[in-house]
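[1] The sequence and its predicted three-dimensional model are supplied below.
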Amino acid sequence: MTKRILATLLTAMLLCGICALAEVPTQEPTAPPDPTATAEPTATPTVTPEPTPEPGRLAGIKIGIDPGHQRRGNSDRETIAPNSKQKKAKVSSGTEGVSTGIPEYVTVLEISFALRDALLAEGAEVYMTRETHDVDISNQERAKMMNDLGCDLVLRIHCDGAEGRKANGIGLFVNESYDISEASYAAAEALLPRMCEATGAKMRDIYESDTYTGLNWSTVPCILVECGFMSNPEEDQKLNTPEYQQKLAEGMVEGICDYFER
């Protein structure tokens, strides 16, 4: 009887041990690293280079601009040409708008600034004889200034005046008897149609004359540009608007480009 009880107890204890072992969870094995896995690449920003600006049509060209007159004229006299005994006032006071009352020296400086900016936009090298009204520079001195700078072309910017009020349009003047006369005339032939096309102004003519000090003392191609008549009420009004001044400038630039075959 005792042996049976002992056997029964041993059997029960054995079964309890097996159950206890069955209740203990088995840990999952740690997966080995995958040698084929790679880290996500870090994104590299794409840098687009700035485009190289195109050189302007007038790159390498030197243009001189002489805004005519000044706040106060100078009646002292100077010779009108090399080796000449004839003399004229160093610089006159210019005309005045019949409608606006604006002096020519003011109008032509504004046109000259518009021309300067338009030329710079095309890559030209630009020089001006004056950028203010309070100067005292004679016509002979203005010409020599541009000669010394070695300008390829000089434009002397003026407005015209007449006794009557009907005269209108754009006219250009070059000298007649000097070494630069032929080149100056060729440049004027390029400018005049372009200016009239841009503005719608009447095309007058290209006049040859040896009476202008600023032209005669120039050793580089030089044109006196009469942009219109301030003695004409309607043209006076136009000449003193930024829109018309810009058209004049654009016409001159296109003419200059034609002259230099740009």
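    In hand now; what should we look at? Numbers count the residues shown, from 1 in each chain.

[2] by contact count, what packs against the helix or strand that Lys144 is a member of?
    Lys144 is located in helix 139-149, with elements delineated by DSSP states H and E. If you count contacts as 3 or more C-beta pairs under 8 Å, 6 or more residues apart in numbering; DSSP states H and E, helix 139-149 packs onto strand 62-67, strand 74-79, strand 87-91, strand 125-128, strand 153-160, helix 213-216. Yep, even glycine has a C-beta here, placed from its N, CA and C like the rest.

[3] Mind jotting down where the helices sit in the chain?
    Ranges of helices within the chain are 2-23, 104-121, 139-149, 181-199, 213-216, 233-239, 242-259, based on DSSP state H.

[4] State the pLDDT value of the closest residue to Gly150 other than its chain neighbours.
    Nearest residue to Gly150, sequence neighbours excluded (C-beta to C-beta, 6 or more residues apart in numbering): Lys62, at 6.3 Å. Note on Lys62: pLDDT of 98.

[5] right, and Lys62 touches Leu149 too?
    Yes - look at Lys62 against Leu149 with C-beta atoms under 8 Å: they come within range, at 6.6 Å.

[6] what touches both of those two?
    Tyr127 (C-beta atoms under 8 Å, 6 or more residues apart in numbering).

[7] How many neighbouring residues does Ala118 have?
    Ala118 has 21 neighbours, counted by other C-beta atoms under 10 Å.

[8] Can you name the residues that contact it?
    246, 249-250, 252-253.

[9] Quick check on the residues you listed: which are buried?
    Neighbour-count burial (16 or more other C-beta atoms under 10 Å) applied to the contacts of Ala118 gives 246, 249-250, 252-253.

[10] who's the residue lying closest to Arg130 once chain neighbours are set aside bridged to?
    Of all residues not flanking Arg130 in the chain, Pro67 sits nearest, at 5.8 Å (C-beta to C-beta, 6+ apart). Legend: beta-bridge partners of Pro67 under DSSP bridges are Ile157.

[11] Quick one: residues contacting Pro67.
    Residues near Pro67 by C-beta under 8 Å, 6+ apart: 105, 108-109, 111-112, 128-130, 157.

[12] likewise Arg130?
    By C-beta under 8 Å, 6+ apart, the contact set of Arg130 is 66-67, 70, 109, 137.

[13] Generate a PyMOL selection restricted to the buried subset of those residues.
    Of those, the buried ones go into a single PyMOL selection, burial set by 16+ other C-beta under 10 Å:
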select buried, resi 66+67+70+109
